[in-house]
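Asker: Please find the sequence and the predicted model below.
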Amino acid sequence: MKILFGVQGTGNGHISRSRELVTRLRDSGHEVEVIISGRKEEELKEIEVFSPYRVLKGLTLVTYRGKMNYIETMFQLDLGRLMSDVFTLDVNGVDLVVTDFEPVTAMAARIKNIPSMGFGHQYAFCYRVPMARGNVFERYTLLNFAPAQYNAGLHWHHFNEPVFPPVIPQSLYDAGNVNPKENKVLVYLPFEEVEDVSRLLVPFDNHEFYIYGKVKDDRDDGHLRYRGYSREGFLRDLQESTGVVCNAGFELPGEALHLGKKLLVRPLDGQIEQESNALAVEELSLGMTMHSLDGDVLKDWLLKPDRSPMGFSKTVNYIAEWITKGQWDDLPEYVEAAWADCLIDS
C-alpha cells in the first residue's frame, strides 16, 4: 500500500509517536512518504528516520509564557501558501493518507477524495472523553484542524470508547528496568521561560531537577541541571527520574505513566487540548495539576508517593495491522486487544 503520512511538526510528541508508526508501517511492507509541517526544517530534530520526507509551512499555533497567543497566531497564517500546498501536493497512486494532526495532507485527502485516517491524541476527542469547556473557536479548531474519515485516537484510558492506549517509544521497551535515582525530577515546560521555571525550582534544593525546554546548552547550577535537546539524553533522564513536571501535552505524560513516574502537569492557558488533558489527569487520579507555576502545589506534589507502571501495550502494532487489513469497521476489535495487553487494566 502507498501511504502519504502527515506529521504536525510543532510538537515533539507528534514526531515521537509518528516515528514509531511510520517505522512499523514500513516494516510491514508499505511504501510511506512523509510530509512534515508547522515548523521550519532547521528547527526539526532527529527526523532522518522519516526519509524520504518533505517539509511544508502548514499552520502553527503561537504561544508566550505559558499562554496561547491567538493574535500572533492569526498574523502568521498564510492561507494562500497553505491552499497552494494542498492543491499541488502530489497524491498520484496514494492509497491512504494518515495524518497526525497535519492539515495539508488531511485537506488534500478530503479535496482529492482519498481515504484518510487520523492518528494521535487529538482524534480521541471525536469520542466521549474528558473535554474542557473552552470556547467555540477552540473546540472547532481541535475537531476540524486536520479531520479524517477514520480515527485512531489515543488516550491514557479507554473511557469505554474506541480509543487506543498511548504510543510509547520502542527504546523505552528495549531499555528494560532502570532503577530511578532518589529525588531526581524531570522538568519539561517548553511553553514557559527558563528563568520562570528556575524561580519555581530554586527553593527545593533537596531535589535534583533536570530541565529541558528552552535550553540551548548543558549546564549545572547547584541542584538545577539544564539540558539542551537530546532525545537519547531526555529518555535516559525520564527513566532515571522519580517524577515528571511538564505541560499537559499527551506523549510525555503517557511515557511517565507507562514507566510509573508520578506526574505534575501545567496546562497551556487557552489551549483546549491541554486543559482537557489536565481535566483527565484529575478525573483519573493520574497525578496533580497546577494552572500557574505554583510553588505550593509543587511542594505538595514532591511529597506524593511513587506510582506503579501502567505498562502500555505496543499500540502501533495494532494500528498498523488495522491499516493493513483495511477493515475500518473492525476498530473496536483492535482497540480491545491493545488495552488487553497493558500491564494495568485501565
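Answerer: Cool, got the structure. Numbering: from 1, shown residues only.
Asker: Sketch out the low-pLDDT regions of the stretch 151-300 of the chain for me.
Answerer: Residues of the stretch 151-300 of the chain that meet the criterion pLDDT under 70 lie in 175-176.
Asker: can you give me the strands for the stretch 101-250 of the chain?
Answerer: Along the stretch 101-250 of the chain, counting by DSSP state E, counting those that start in this stretch, strands occupy 116-120, 150-153, 184-188, 208-212, 219-221, 224-226, 243-247.
Asker: so which of the ones you listed is the most packed in?
Answerer: Among these, ranked by average contacts under mean count of other CB atoms under 10 Å, first place goes to strand 116-120 (a mean of 25). All C-beta atoms are positioned from the backbone trio N, CA, C, and that covers glycine.
Asker: For that strand, name the packing helices and strands.
Answerer: Judged by 3 or more CB pairs under 8 Å, 6 or more residues apart in numbering; DSSP states H and E, strand 116-120 is in contact with helix 12-27, strand 96-100, helix 103-111, strand 150-153.
Asker: Parallel or antiparallel, list what pairs with it.
Answerer: strand 96-100 (parallel), strand 150-153 (parallel) (DSSP bridges).
Asker: avg pLDDT for it?
Answerer: Per-residue confidence for strand 116-120 averages out to 97 on the pLDDT scale.
Asker: Give me the contact list for that strand.
Answerer: Strand 116-120 is touched from outside by 8, 14, 17-18, 21, 96-101, 105-106, 109-110, 126, 146-154, 250, 319, 323, with contacts defined as CB atoms under 8 Å, 6 or more residues apart in numbering.
Asker: From those residues, list just the buried residues.
Answerer: Buried members of the contacts of strand 116-120, counted by 16 or more other CB atoms under 10 Å: 8, 14, 17-18, 21, 96-101, 105-106, 109-110, 126, 146-148, 150-154, 250, 319, 323.
Asker: that older thread, now for the strands of the stretch 101-250 of the chain, which one comes closest to M131?
Answerer: For these, the distance to M131 is smallest for strand 150-153, at 12.3 Å, taking CB to CB.
Asker: Quick check: beta-bridge partners of K262?
Answerer: Taking DSSP bridges, one finds G243 as the beta-bridge partners of K262.
Asker: check contacts around it.
Answerer: Neighbour list for K262: T242, G243, V244, A256, G287, W301, K304, P305, D306, R307 [criterion: CB under 8 Å, 6+ apart].
Asker: For it, give its distance to S198.
Answerer: The spacing between K262 and S198, counted by CB to CB, to the nearest Å, is 22 Å.
Asker: likewise K45?
Answerer: 23 Å.
Asker: more neighbours, those two?
Answerer: With neighbours defined as other CB atoms under 10 Å, K45 and S198 compare such that S198 has more, 16 against 12.
Asker: May I have the beta-bridge partners of Y150?
Answerer: Counting by DSSP bridges, Y150 is bridged to M117.
Asker: And the pLDDT for it?
Answerer: In this model, Y150 is scored at 97, pLDDT.
Asker: At which residues are the helices of the stretch 151-300 of the chain located?
Answerer: In the stretch 151-300 of the chain, the helices defined using DSSP state H, counting those that start in this stretch lie at 170-174, 194-201, 231-240, 251-259, 272-283, 295-302.
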